[in-house]
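>>> for reference, the sequence and a predicted model appear below.
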Amino acid sequence: MDSPVIALHNVWVRYDGVVTLEDVNLEVGAGEILSIVGPNGGGKSTLLRTIMGFKEPFLGTVEVMGTAPRKTRRGSIGYLPQKSSFDYTIPVSVFDVVAMARYANKRLVERLNSEDRAHIIDALEAVEMASLRDSHFGSLSEGQKQRALIARAIAVRPRILLLDEPSTGLDALAQDNFYQMLIRLRDSLGLTIVMVSHDIGAVSRIVDRLACLKTKIHFHGRPADCLSDQSLAEVFGKNVMFISHNKNCGSCGGDE
């Protein structure tokens with residue numbers, strides 16, 4: 001691997017005295033799609049917050065594009081949190097939702113300029129939502145809402161996209177379409193994508209590598225190489241059944 005875009009070395013993080021990340025070593029290469037999988041409470045969201053610089057490790061180092069996260073150029077990271085606090089009853093358009101990302105870097109009295117509007121339209125086109133730019137955000141399907149929120153995340157032209165459980169609430173077809181869209185975004189925009197997910201079976205078909213996290217990184221590599229029964233049992237327990245979704249991936253895949 002060339003110089004990694006994201007690098008964590010011997011990282012330890014704790015909340016209220018409780019260790020939530022233990023001796024985590026992880027590198028993500030440019031243009032890679034990595035999925036972080038693992039059980040609830042295993043530290044997946046904490047890992048994303050640590051990469052963004054919202055949580056400081058008490059041991060170890062974190063580098064994003066060669067520097068500490070808090071020194072990374074603003075707009076370099078796009079982020080979609082696990083649960084949006086957005087009030088769907090507010091009469092706001094899809095365009096306005098995406099525009100929020102551009103306003104974040106402006107002073108209070110500043111308005112959108114032509115460059116901002118071009119970036120917003122480009123982001124909507126990238127997620128195939130330009131035709132719905134004037135629609136009420138709250139009227140969209142769950143899949144369309146996620147696409148609009150992805151557009152908001154990429155409207156600042158980031159190099160890295162962090163997604164926390166982005167397919168939650170989507171049906172199987174919408175989920176598959178969403179993951180295929182991520183591949184297109186990676187290829188067209190040159191993004192590096194790190195995605196938290198519970199659904200190993202779905203993500204194993206589209207990611208370059210998996211990292212399974214339960215406080216520690218228990219395995220890290222290509223899906224076909226690292227999803228053994230033993231490694232899965234270490235993280236999810238012995239009574240978890242995984243169903244293969246890809247005949248070319250050996251024991252990989254499955255639903256918890």
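In hand now; what should we look at?

>>> would you map the helices across the chain?
Assigned by DSSP state H, the chain shows helices spanning 44-52, 94-103, 114-126, 142-154, 172-189, 200-203, 223-226, 229-236.

>>> need the winner for burial among those helices.
helix 200-203 (a mean of 24; mean count of other C-beta atoms under 10 Å). From N, CA and C alone the C-beta is placed, and that goes for glycine too.

>>> mean confidence score for it?
Mean per-residue pLDDT for helix 200-203: 78.

>>> about what we covered before: out of the helices of the chain, flag the one nearest E32.
Of all those, it is helix 172-189 that lies closest to E32, at 8.3 Å by C-beta to C-beta.

>>> may I see the helices of the chain arranged in a markdown table, with distance to L21 as well?
Converted to a markdown table, those look like this (distance: least, C-beta to C-beta, whole Å):
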| stretch | distance to L21 |
| --- | --- |
| helix 44-52 | 6 |
| helix 94-103 | 28 |
| helix 114-126 | 32 |
| helix 142-154 | 24 |
| helix 172-189 | 25 |
| helix 200-203 | 20 |
| helix 223-226 | 19 |
| helix 229-236 | 14 |
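
>>> by mean pLDDT, point me to the weakest helix or strand of this structure.
For the chain, the helix or strand with the lowest mean confidence is helix 229-236, at a mean of 61 (criterion: mean pLDDT, DSSP states H and E).

>>> lowest mean pLDDT across the helices of the chain, which one is that?
helix 229-236 (a mean of 61).

>>> distance check, the closest residue to S197 other than its chain neighbours against T50.
Excluding the flanking residues, the one nearest S197 by C-beta to C-beta, 6 or more residues apart in numbering is V203, at 4.8 Å. Remark: distance between V203 and T50 (C-beta to C-beta, to the nearest Å) = 21 Å.

>>> kindly report the same for V37.
For V37, the distance to T50 - C-beta to C-beta - is 17 Å.

>>> report the spatially closest residue to R49, excluding sequence-adjacent ones.
Nearest residue to R49, sequence neighbours excluded (C-beta to C-beta, 6+ apart): K55, at 4.5 Å.

>>> give me the distance between that neighbour and L185.
When K55 is compared with L185 (using C-beta to C-beta), they lie 26 Å apart.

>>> contact partners of stretch 65-78?
With contact meaning C-beta atoms under 8 Å, 6 or more residues apart in numbering, stretch 65-78 is reached by 3, 5, 50-53, 62-64, 101, 105, 153-154, 156-162.

>>> A211 reaches I33, doesn't it?
No - A211 is not in contact with I33 according to C-beta atoms under 8 Å; the separation is 11.7 Å.
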